[in-house]
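Engineer: Got a predicted structure plus its sequence, pasted below:
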Amino acid sequence: MVEVNGGAVVAPPVSGLWRLADEMDPSEDRLTSVDSEYLRRLHQHDLRENQCTSMVFKHIKAPVNLVWSLVRRFDQPEKYKPFISRCVVQNGNLEIGSVREVNVKSGLPATTSTERLEKLDDNQRLLSVKIVGGDHRLKNYSSILTVHPEIIDGQPGTLVVESFAVDIPDGNTDDETCFFVKALLKCNLKSLADVSERLVSKEMAP
């Protein structure tokens, strides 16, 4: 049973659900602009044994439709993910169950990743991807990314939330694994913000 306490989502420790309250910075008031119970429903991860889960978020000074247009392109993650050099969708189809082969740039402990599109919902602006193979340490990794409209400095903006679940590698702790994955996701979302805000600047240029 998940309880809502003072606007923060709190799940019992044994549930294996991602907990928004655990990740919120108390000084980050703008995160509460999106209903926490709604986020909980979108970002549930049922953990298996020896898995960890967490999330990251990013405020972007760009309209939600622009940000979503980049995020939803399962076939073109390299448009904003800085660690991807090449992406090929098997059979050329883009639908639920489609699989992409991703080449990872040098400098990371990985070379390739095989990823399956689990869900793409334009109404909820939700993208879910699962890693099903490749040369890396992220075993049984799955992610859920959602984008939400908000107002930033009086202008249309976007809140991006990305949660994940992944196996804890032998020799690593829960905290070490989450720290590593969150660092990668934060880089991706910073790049997403840079690309989105650059496009806004171009549109506004005389």
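Structural biologist: Looks like it arrived, so ask away.

Engineer: would you list every one of the helices in the chain?
Structural biologist: 20-23, 36-42, 64-71, 174-204 (DSSP state H).

Engineer: ok, the residue nearest in space to the middle of the chain to residue 115 distance?
Structural biologist: By C-alpha atoms, centre = their mean, the chain has its centre lying nearest to residue 162, at 2.7 Å. Residue 162 sits 14 Å away from residue 115, going by C-beta to C-beta, to the nearest Å. From N, CA and C alone the C-beta is placed, and that goes for glycine too.

Engineer: Residue 143 is in contact with the residue nearest to the centre of the chain, correct?
Structural biologist: Yes - in this structure residue 162 lies within contact range of residue 143 using C-beta atoms under 8 Å: 6.1 Å.

Engineer: what residues are shared contacts of those two?
Structural biologist: residue 185 (C-beta atoms under 8 Å, 6 or more residues apart in numbering).

Engineer: Kindly reformat the helices of the chain as a markdown table containing mean pLDDT.
Structural biologist: Converted to a markdown table, these look like this (pLDDT from 0 to 100):
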| stretch | mean pLDDT |
| --- | --- |
| helix 20-23 | 42 |
| helix 36-42 | 82 |
| helix 64-71 | 98 |
| helix 174-204 | 94 |
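
Engineer: Kindly compare burial across those and name the winner.
Structural biologist: helix 64-71 (a mean of 20; mean count of other C-beta atoms under 10 Å).

Engineer: tilt between that one and helix 174-204?
Structural biologist: Inter-element angle recorded for helix 64-71 and helix 174-204: 120 degrees (by axes from the mean of the first three to the mean of the last three C-alpha atoms, to 10 degrees).

Engineer: got the contact list for helix 64-71?
Structural biologist: Applying C-beta under 8 Å, 6+ apart, the external contacts of helix 64-71 come out as 60, 79-80, 122, 125, 127, 145, 147-149, 156-158, 160, 192, 195-196, 199-200.

Engineer: In the longest strand that the chain contains, which residues are buried?
Structural biologist: When the chain is parsed with DSSP state E, its longest strand is strand 155-167. By neighbour count on 16 or more other C-beta atoms under 10 Å, the buried set for strand 155-167 is 157, 158, 159, 160, 161, 162, 163, 164, 165, 166, 167.

Engineer: so which of those comes closest to residue 84?
Structural biologist: residue 162 (15.4 Å; C-beta to C-beta).

Engineer: Just give the nearest non-adjacent residue to that closest one, would you?
Structural biologist: Leaving aside its chain neighbours, residue 162 sits nearest to residue 145 (4.4 Å; criterion: C-beta to C-beta, 6 or more residues apart in numbering).

Engineer: which residues does the one you found contact?
Structural biologist: 71, 126, 127, 128, 129, 160, 161, 162.

Engineer: And the residue lying closest to the third one once chain neighbours are set aside, how far from residue 44?
Structural biologist: The one in question is residue 127. Spatially, and ignoring its direct neighbours in sequence, residue 127 is nearest to residue 145 (4.8 Å; C-beta to C-beta, 6+ apart). As for residue 145, its distance to residue 44 is 14 Å (criterion: C-beta to C-beta).
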